[in-house]
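In: Please find the sequence and the predicted model below.
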Amino acid sequence: MLPHPPLPDRYTTLEAKPEYVNRLFDKGAKYYDGVVDWGFLKSGSSYRRWVQERHGLKKGHVVLDVACGTGLVAAAAVKILGTAENITCLDPSEGMLAVARTKLAARFVQGRAESMPFPDNSFDFLTMGYALRHVMDLEVCFREYCRVLKPGGKLLILEVTKPQGRFSRFFFQLYFGRVYPWLTRLFTRSNDARDMMRYYWETMDACVPPAVVLEALSAAGLKAVKRDTSLGLFSEYTAVKP
Ligand SMILES: C[S@@+](CC[C@H](N)C(=O)[O-])C[C@H]1O[C@@H](n2cnc3c(N)ncnc32)[C@H](O)[C@@H]1O
């Protein structure tokens, strides 16, 4: 189950997507934190912490942050856990991992969500922030999450989802599709950073609806599958390994 149809303007065959995405984030890595900081009005760190707390992250949990990027979700988890020693961060982009390593004393692993180098039943809590659109197949990825979670372990996926209403959709498109990439270029003077944010928009625009994500989570064998939203924009998908 694809998270979005292939984007022919970005890569010619679906097989070329992982390499394309990897290059995009490698090149954009040094700008990522700055750009998402002002782009989300400096709310990103407190939101990432609040949402993990609200969905049950507790001291003592062994945590896997998939698609950790520069470590923003994991850094928020450290504020709850009090330490990074039980956190593993996984990402395929060496550029993003290099930035994350400068900020966190967690365990870092280069790898992809679809096939992770961890034993079965390893983690109490698994997070994935704003990366669902980048995997090759939703169900394959969710089966992998189910495999590495301990029985009773919790999955939390954060995403930005296109709103439903006509007006909110219009402003969403205007901001993420035009204003945000334009301001990114203006502030960073980097075409790589602008491209990363353009791709952010294109994949959000093309993304399958939440019902398909929920269906894929159930099909992967996860239970208590649910989607909560904040401001009608921020999706929090949760599920539990039986
Ligand atoms: C928008 S960043 C999100 C970073 C971070 N989670 C956050 O909350 O800001 C998306 C990340 O997904 C990673 N990524 C892309 N494809 C992936 C895959 N197949 N498996 C795991 N991570 C992937 C990218 O390298 C990038 O670091």
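Out: Arrived safely, thanks for sending.
In: how near is Leu183 to Tyr175?
Out: According to Cβ to Cβ, to the nearest Å, Leu183 and Tyr175 sit 10 Å apart. All C-beta atoms are positioned from the backbone trio N, CA, C, and that covers glycine.
In: now do Trp201
Out: Trp201 sits at a distance of 9 Å from Tyr175 (criterion: Cβ to Cβ).
In: So between those two, which is more surrounded?
Out: It is Trp201, of Trp201 and Tyr175, that has more neighbours when counted by other Cβ atoms under 10 Å, with 19 against 14.
In: Return the list of helices and strands in contact with whichever strand or helix holds that one.
Out: Counting by DSSP states H and E, the element that carries Trp201 is helix 191-206. Taking 3 or more Cβ pairs under 8 Å, 6 or more residues apart in numbering; DSSP states H and E as contact, the helices and strands that helix 191-206 lies on are helix 17-39, helix 180-188.
In: List, one by one, the residues from the protein near the ligand.
Out: Of all the residues in the chain, those in contact range of the ligand (Cβ under 6 Å from any ligand atom) are 21, 25, 36, 66-69, 72-73, 91-93, 96, 112-114, 129-131, 134-135.
In: So which of those residues sit within helices?
Out: In helices, defined here by DSSP state H, the members of the residues of the chain next to the ligand are Val21, Phe25, Val36, Leu72, Val73, Met96.
In: Most neighbours among these, which one?
Out: Val73 leads those on contacts (other Cβ under 10 Å) with 28 neighbours.
In: show me the contacts for Ala193.
Out: For Ala193, the contact set (Cβ atoms under 8 Å, 6 or more residues apart in numbering) comprises Gly28, Tyr31, Val35, Thr184, Arg185.
In: pLDDT value on it, please?
Out: Confidence per residue is given as pLDDT, and for Ala193 that number is 97.
In: mind checking the SS state of Ser235?
Out: With DSSP: H, G, I helix; E, B strand; the rest coil as the basis, Ser235 sits in strand.
In: got a list of what Ala77 touches?
Out: By Cβ under 8 Å, 6+ apart, Ala77 lies in contact with Arg49, Gln52, Leu57, Val63, Asp65, Ile87, Thr127.
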